[in-house]
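Visitor: what follows is a predicted protein model with its sequence.
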Amino acid sequence: MYRLPLGEEIAKSVVSAAVLHLFACWIADGIGYRVNFSDVLTLLTGGFGLPADTLKSRLAAITAHPIAVTLYFLSLYTAAAVLGLIAHVVVRQFRLDHKFKPLRFENFWHYALNAEMPLFAENIGEYAEMLDVSEADFVKQESLTIVSCVVAHGPTSFVYSGVPFDYFFDRSGNLDKIVIENVSYQQLVTPDEETATRAAGGTISRASIEADVLILNAADIHNLAIQYIFGEPEGNGLSATASPSSDPTQSSTPRQQLPG
């Protein structure tokens, strides 16, 4: 997940908060309650740059009305939370994040592991052409996501493939664990190595894993490839399908624009 440097995150938060408070002050003024916006800025910035005496006097004036100040902040943050939830529902319900890049959430892995990246406005045309359907019909297609994770066990690497079931992030917002089901694995070798191994009478390990799910730590995954399969729903599977191929030996992470 992409994150701005700490300084830029702080600046972005302060500016966003200032705009939010400016709007709240305008609303309060409209209903007959005047809020001193300079006092709000003093609280947001901690009085940075103000002389000590000025800061002390402004804080005294603010704390002289504790009930009014508490009601202001309580109503503001409650309204912000409710409006934020409503906006989230609207964006997701009408797929506005698929259509407009500025409305996309900072959650790359959700889009990647739930086959939503092909629905992005910049990608949907190529995928619809690949399935020989219109963009409107492509949106109605059922999808299946398959991940292939390269994990090293000593000198030997294996590719674990399956369907994403769940995933978890660490405190920094980076992928921490991925849970996959319907898992199979195979030893990762080059064509020449496979030929030589078979010529010597050896075998290449390939098998399914008899387990409900397999949990992989992101730190153990060297490469991760994603394959999307689309088609009309038919029984327990898909009828006509199409997908861009993914090679775990070539792709270190899912590309942010597929197909590319």
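Guide: Right, received. Where do you want to start? Residues are numbered from 1 along each chain as shown.

Visitor: shaky segments in this protein?
Guide: Where the chain drops to pLDDT under 70, the residues are 1-6, 191, 194, 197, 202-205, 233-260.

Visitor: domain-wise, how is it divided?
Guide: 6-94, 108-238 (automatic domain parsing).

Visitor: of all those domains, which lies closest to P102?
Guide: domain 6-94 (10.7 Å; Cβ to Cβ). Where C-beta positions appear, they are placed from N, C-alpha and C, glycine not excepted.

Visitor: how far away is A18 from S38?
Guide: For A18, the distance to S38 (Cβ to Cβ, to the nearest Å) stands at 11 Å.

Visitor: who has more neighbours out of the two?
Guide: Neighbours were counted for A18 and for S38 using other Cβ atoms under 10 Å; A18 has more, 15 against 8.

Visitor: remind me which helix or strand that one belongs to.
Guide: helix 6-30 (DSSP states H and E).

Visitor: the helices in the stretch 1-150 of the chain, which residues?
Guide: 6-30, 37-45, 52-63, 66-93, 96-99, 108-113, 124-131, 135-139 (DSSP state H, counting those that start in this stretch).

Visitor: show me what counts as buried in the helix holding A18.
Guide: 17, 20-21, 24-25, 28 (16 or more other Cβ atoms under 10 Å).

Visitor: now swap in stretch 85-103 and tell me
Guide: Applying 16+ other Cβ under 10 Å to stretch 85-103 flags 91, 97-98 as buried.

Visitor: and that stretch, how far from the chain's centre?
Guide: Distance of stretch 85-103 from the chain centroid (Cα atoms, centre = their mean, to the nearest Å) equals 13 Å.
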